[in-house]
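In: Any chance you can model this:
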Amino acid sequence: LRLKEHGTELIEVTDNGRGIAQSDVPSVALRHHTSKLTDFKDLGAIRSFGFRGEALNSLASLSTLSISTRTSDETVGMQI
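Out: The predicted model follows:
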């Protein structure tokens, strides 16, 4: 997490996730949403701590949000 002017100018978040798949882009900042869980048993198999879900929804509601991402399957990333 990097802040510029205590977060009034910039909040930059870098996570240890695996990127956002293009199919997940439409729901990337929806409230109470994650692409990591499709079934209750998935809770025990989470392998990354990506900065998504409620956190992105909150940032999108309060700011001009820009997301740069790339999965390991893609040679070129994208900016949302």
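In: Sort out which residues of stretch 55-71 are buried, please.
Out: Taking 16 or more other CB atoms under 10 Å as the neighbour-count basis, stretch 55-71 is seen to contain the buried residues 56, 57, 59, 67, 69. No exception for glycine: its C-beta is placed from N, CA and C like everyone else's.
In: Ignore what I typed, I meant stretch 19-28.
Out: Counting neighbours by 16+ other CB under 10 Å, the buried set in stretch 19-28 is 19, 20, 24, 28.
In: Contacts for that stretch, please.
Out: 33, 35, 52, 56, 67, 69-72, 74, 77-78, 80 (CB atoms under 8 Å, 6 or more residues apart in numbering).
In: Just the ones of these in strands?
Out: Secondary-structure check on these using DSSP state E: residues within strands are 69, 78.
In: picking that back up, dump the buried residues of stretch 19-28 into JSON lines; add pLDDT, distance to residue 46 and secondary structure as well.
Out: Listed next are the buried residues of stretch 19-28 as JSON lines, based on pLDDT from 0 to 100; distance: CB to CB, whole Å; DSSP: H, G, I helix; E, B strand; the rest coil:
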{"residue": "19", "pLDDT": "84", "distance to residue 46": "16", "secondary structure": "coil"}
{"residue": "20", "pLDDT": "84", "distance to residue 46": "16", "secondary structure": "coil"}
{"residue": "24", "pLDDT": "81", "distance to residue 46": "15", "secondary structure": "helix"}
{"residue": "28", "pLDDT": "81", "distance to residue 46": "17", "secondary structure": "coil"}
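In: which of these lies closest to residue 9?
Out: Top of the list for closeness to residue 9, among those and by CB to CB, is residue 28 at 23.0 Å.
In: measure the closest one to residue 72 for me?
Out: 18 Å (CB to CB, to the nearest Å).
In: what does residue 12 give?
Out: 22 Å.
In: More neighbours: those two, which one.
Out: In this view residue 12 and residue 72 are compared by other CB atoms under 10 Å, and residue 12 has more residues nearby, 10 against 7.
In: Leaving out chain neighbours, which residue sits closest to the more buried one?
Out: residue 2 (4.2 Å; CB to CB, 6 or more residues apart in numbering).
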